[in-house]
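Asks: Next input, structure requested:
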Amino acid sequence: MSKKSGSEKKSSVKKPRVHKELQGFEISIDSFGELSSNMSIDKLNEFLNKNVDDKKLAEREDYEEMKKGRKKKKKD
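Replies: Sure thing, here's the model as predicted:
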């Protein structure tokens with residue numbers, strides 16, 4: 001009789017569902033704890049700014065205008 005080793009078992013690794021704009025996005029952490037990604041940080045930040053509400057800013061009066069990209073002008 002032979003023993004089955006862990007490498008003989010079939011492992012089905014499913015990739016998580018992602019937003020269509022992030023298709024192909026992969027991120028990993030190396031042995032030093034540094035993040036490495038195949039997508040630029042600027043592109044990730046742009047996606048998050050567009051699709052995720054900032055809870056800390058939601059209490060501000062001008063939050064809706066900030067989301068639209070408009071700056072509120074102060075009157076003298």
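Asks: can we go C-alpha only for contacts and neighbour counts from here?
Replies: OK.
Asks: The residue nearest the centre of the chain: which element?
Replies: Centroid check for the chain by CA atoms, centre = their mean gives Leu44 as the closest residue, at 6.1 Å. Assigned by DSSP states H and E, Leu44 belongs to helix 41-51.
Asks: Let's see that helix as CSV, backbone CA atoms only.
Replies: This file holds the C-alpha atoms of helix 41-51, laid out as CSV (Å, rounded to 0.1, in the frame of the first residue of the first chain):
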residue,chain,number,x,y,z
ILE,A,41,-1.9,52.4,-6.5
ASP,A,42,-3.2,55.5,-8.3
LYS,A,43,-5.6,53.4,-10.4
LEU,A,44,-6.8,51.6,-7.2
ASN,A,45,-7.3,54.9,-5.4
GLU,A,46,-9.2,56.3,-8.3
PHE,A,47,-11.5,53.3,-8.3
LEU,A,48,-12.1,53.5,-4.6
ASN,A,49,-12.8,57.2,-4.7
LYS,A,50,-15.4,56.7,-7.4
ASN,A,51,-17.1,53.6,-5.9
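Asks: and that helix, how far out from the chain's middle?
Replies: Chain-centre distance of helix 41-51: 8 Å, with CA atoms, centre = their mean, to the nearest Å.
Asks: Show residues contacting stretch 24-44.
Replies: Where contact means CA atoms under 8 Å, 6 or more residues apart in numbering, no residue beyond stretch 24-44 reaches it.
Asks: Would you work out how far apart the start and end of that stretch are?
Replies: This stretch, stretch 24-44, spans 13 Å end to end (CA to CA, to the nearest Å).
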